[in-house]
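Undergrad: prediction below, plus the sequence it came from.
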Amino acid sequence: MKDITWRELGVELPRIMLPNKCVDMSKWSVVACDQYTSEPEYWHRVEGLVGDAPSTLRLVLPEALLSENPGENAAREDDIIKTMQSYLASDTFRTLPCGAMLVRRYLNCGVRTGIVLSFDLERYDYKKGSTSLIRATEGTVEERVKARLSLRRRALIELPHILMLIDDPKKTVIEPLANAKMHREYDFELMEHGGRITGDFIAEENLEGARVALSELAAEQDGRFGKPLLLYAMGDGNHSLAAAKAVWEELKPTLSEAETENHPARFALCELVNVHDDGILFEPIHCLLTNVKPGALEEIAYILAEQNGDVSIGTGNDAPQEFAHVLPFVTKEGAGTITVPAPANRLAVATLQGALEVYIKKTRARLDYIHGEETLKSLARRDGCLGFLLPAMEKAELFTTVILEGALPKKTFSMGEAHEKRCYLEARSLR
């Protein structure tokens, strides 16, 4: 077998930045900015927990706190850049040698193990029909990418909440690193029921086994189903990676060929996880409509009927029908189901989203995506709200589905619930 380099595998071994030992890690690390989007009270609570301590909360802009006033958002971005400058000038960070971080996240469902690496944005394409080495697993919403561009263009450092997946059922790449020579860099309890997390640094010379195993996995999977190699599939954070890609494409024409090869903006720091890891659970992402008017449920059912044929609204106790999509809903008035007997789409999420997209274009309703069944039910019982519960997809089918059918409908699945998402912790210089 040909010896494949890290770069040919779409990887660059990073120099990871961590906060200095004097920093309180439980206040430093906060959950991804795209979580709790309908619960600003969560982020206000985190603000109180962090106080004046150094924290990644000061380096990101939670989506729940985005304002409709562009000037207010711009002022927050200015504050973030100033904080980055302050942290760098005050030696808040320490920089490790070239290598990777083996991360273990202890959750109720088990231990999720991943390795933090930098990935080559030249090998990533989130557009529909992509055949790149790194691909989106779900539809990418351009507006959500645009919302991240301004901050990414100006950022001095990056902090990843991105989880990237490999399809390694024999567990040959990441799992054996438990036996590598490493040094414990952090071990603490995350805030807000996030569980315990540990990080062990592995130097470049001790990562050769992982590189060889990843090379063998690539060779084994190349040409699967007669299609181009899909080695890495996005798990979480695709819109952040897409923003990094867009900024790189803007910058690239201004660089020389030599600069292009190794410019920091060409790469993005991510955590690589095996989709077969025991700590990876695929959870559904539910849909919440707010600012809905009376009759919204019937109007959505009418749109579904236009797109799929006859539908029926029931009490929630209807017997399931083969091939039908049964879409449970929750409102302040109660719960029930909309049944689509002959759906035009294979996935229930595609059937529902096709109707919701038409509905929100015709009304002033807002669509949000919610992690957790109980959270959805609680929010959907508020005035002017309507929630839909969606099923989870089988994680073992992810790569096969993306290879054969392309990116799934947006928000088809979630790797765990909101408190189990990746937290900001490691950083990397972009300058």
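TA: Done, it's in.

Undergrad: what's the closest non-adjacent residue to residue 385?
TA: Ranked by C-beta to C-beta, 6 or more residues apart in numbering and with sequence neighbours excluded, the top spatial neighbour of residue 385 is residue 290, at 5.3 Å. In short, each C-beta sits where N, CA and C put it, glycine included.

Undergrad: first-to-last residue distance for stretch 176-186?
TA: Using C-alpha to C-alpha, to the nearest Å, one end of stretch 176-186 lies 20 Å from the other.

Undergrad: next, the buried residues of that stretch.
TA: 177, 180, 182, 185, 186 (16 or more other C-beta atoms under 10 Å).

Undergrad: quick one: the top strand by length along the chain to chain centroid distance?
TA: Criterion DSSP state E: the longest strand present in the chain is strand 93-107. Centroid displacement of strand 93-107 relative to its chain, using C-alpha atoms, centre = their mean, to the nearest Å, is 19 Å.

Undergrad: what comes up buried for that strand?
TA: Quick answer for strand 93-107 (16+ other C-beta under 10 Å): 93, 96, 99, 100, 101, 102, 103, 104, 105, 107.

Undergrad: continuing past that strand, what's the next helix or strand?
TA: Using DSSP states H and E, the helix or strand that follows strand 93-107 in sequence is strand 110-120.

Undergrad: tell me where the model's unsure across the stretch 301-431 of the chain.
TA: Counting by pLDDT under 70, the ranges of the stretch 301-431 of the chain that qualify are 315-322.

Undergrad: related to what we said a few turns ago, between the buried residues of strand 93-107, which is closest to residue 41?
TA: Distance to residue 41, by C-beta to C-beta, is smallest for residue 107 among those, at 23.2 Å.

Undergrad: what's the spacing between the residue lying closest to that closest one once chain neighbours are set aside and residue 422?
TA: Closest residue to residue 107 apart from its sequence neighbours, by C-beta to C-beta, 6+ apart: residue 195 at 4.8 Å. Look at residue 195 and residue 422: by C-beta to C-beta, to the nearest Å, they are 12 Å apart.

Undergrad: which one of the two has more residues nearby?
TA: residue 422 (28 against 17; other C-beta atoms under 10 Å).

Undergrad: thinking again about what came up before, the residue nearest to residue 385 - how many residues pack around it?
TA: 18.

Undergrad: for the stretch 251-400 of the chain, which segments count as helices?
TA: Assigned by DSSP state H, counting those that start in this stretch, the helices in the stretch 251-400 of the chain fall at 257-262, 296-308, 348-362, 373-380, 398-405.

Undergrad: ranges for the strands of the stretch 1-150 of the chain?
TA: Secondary structure of the stretch 1-150 of the chain by DSSP state E, counting those that start in this stretch: the strands cover 11-12, 15-19, 93-107, 110-120, 124-125, 134-135.

Undergrad: ok, the residue nearest to residue 385 touching residue 380?
TA: No. Contact criterion C-beta atoms under 8 Å: residue 290 and residue 380 do not qualify, at 9.4 Å.

Undergrad: show me what the longest strand of the chain is packed up against.
TA: strand 15-19, strand 110-120, strand 196-203 (3 or more C-beta pairs under 8 Å, 6 or more residues apart in numbering; DSSP states H and E).

Undergrad: can you lay out those strands as a markdown table showing distance to residue 155?
TA: Conversion of the helices and strands packed on strand 93-107 to a markdown table gives the following (distance: least, C-beta to C-beta, whole Å):
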| stretch | distance to residue 155 |
| --- | --- |
| strand 15-19 | 13 |
| strand 110-120 | 15 |
| strand 196-203 | 22 |
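
Undergrad: so which of those strands comes closest to residue 418?
TA: Closest approach to residue 418 among the helices and strands packed on strand 93-107 is made by strand 110-120 (14.8 Å; C-beta to C-beta).

Undergrad: buried set for the closest one?
TA: Buried residues in strand 110-120, counted by 16+ other C-beta under 10 Å: 112, 113, 114, 115, 116, 117, 118, 119, 120.

Undergrad: out of the helices and strands packed on strand 93-107, which comes closest to residue 365?
TA: Short answer: strand 110-120, nearest of the helices and strands packed on strand 93-107 by C-beta to C-beta, at 35.2 Å.

Undergrad: quick one, what contacts residue 365?
TA: The contact partners of residue 365, taken as C-beta atoms under 8 Å, 6 or more residues apart in numbering, are 289, 290, 291, 292, 293, 296, 359.

Undergrad: ok, back up a step: which residues does the residue nearest to residue 385 form a beta bridge with?
TA: Taking DSSP bridges as the rule, residue 290 bridges to residue 366, residue 385.

Undergrad: please shift the residue numbers so they start at 27 in all later answers.
TA: Okay, using 27 as the starting number, the last item reads as residue 316.

Undergrad: number of nearby residues for the closest residue to residue 167 other than its chain neighbours?
TA: Among residues not flanking residue 167 along the chain, residue 436 sits closest, at 6.0 Å (C-beta to C-beta, 6+ apart). Each residue near residue 436 was counted by other C-beta under 10 Å, and the total is 19.

Undergrad: what lines up beside the longest strand of the chain in the sheet?
TA: strand 41-45 (antiparallel), strand 136-146 (antiparallel), strand 222-229 (antiparallel).

Undergrad: tell me which of those strands lies nearest to residue 307.
TA: strand 136-146 (8.3 Å).

Undergrad: quick one: contacts for the residue most central in space within the chain?
TA: The residue lying closest to the centre of the chain (C-alpha atoms, centre = their mean) is residue 262, at 1.8 Å. By C-beta under 8 Å, 6+ apart, the residues touching residue 262 are 58, 187, 188, 189, 440, 441, 447, 448.

Undergrad: would you list the residues you listed in CSV and tack on secondary structure?
TA: Below are the contacts of residue 262 laid out as CSV (DSSP: H, G, I helix; E, B strand; the rest coil):
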residue, secondary structure
58, coil
187, coil
188, coil
189, strand
440, strand
441, strand
447, coil
448, coil
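
Undergrad: out of those residues, which is most surrounded?
TA: Neighbour counts for these (other C-beta under 10 Å) peak at residue 448, which has 28 neighbours.

Undergrad: isn't that one right up against residue 56?
TA: No. Using C-beta under 8 Å, residue 448 makes no contact with residue 56, being 10.8 Å away.

Undergrad: of the contacts of residue 391, closest to residue 362?
TA: The closest of those, once distances to residue 362 are taken by C-beta to C-beta, is residue 322, at 13.3 Å.

Undergrad: now the closest one: closest residue in space that isn't a chain neighbour?
TA: Here the nearest residue to residue 322 in space, its sequence neighbours aside, is residue 412; by C-beta to C-beta, 6+ apart that works out to 5.5 Å.
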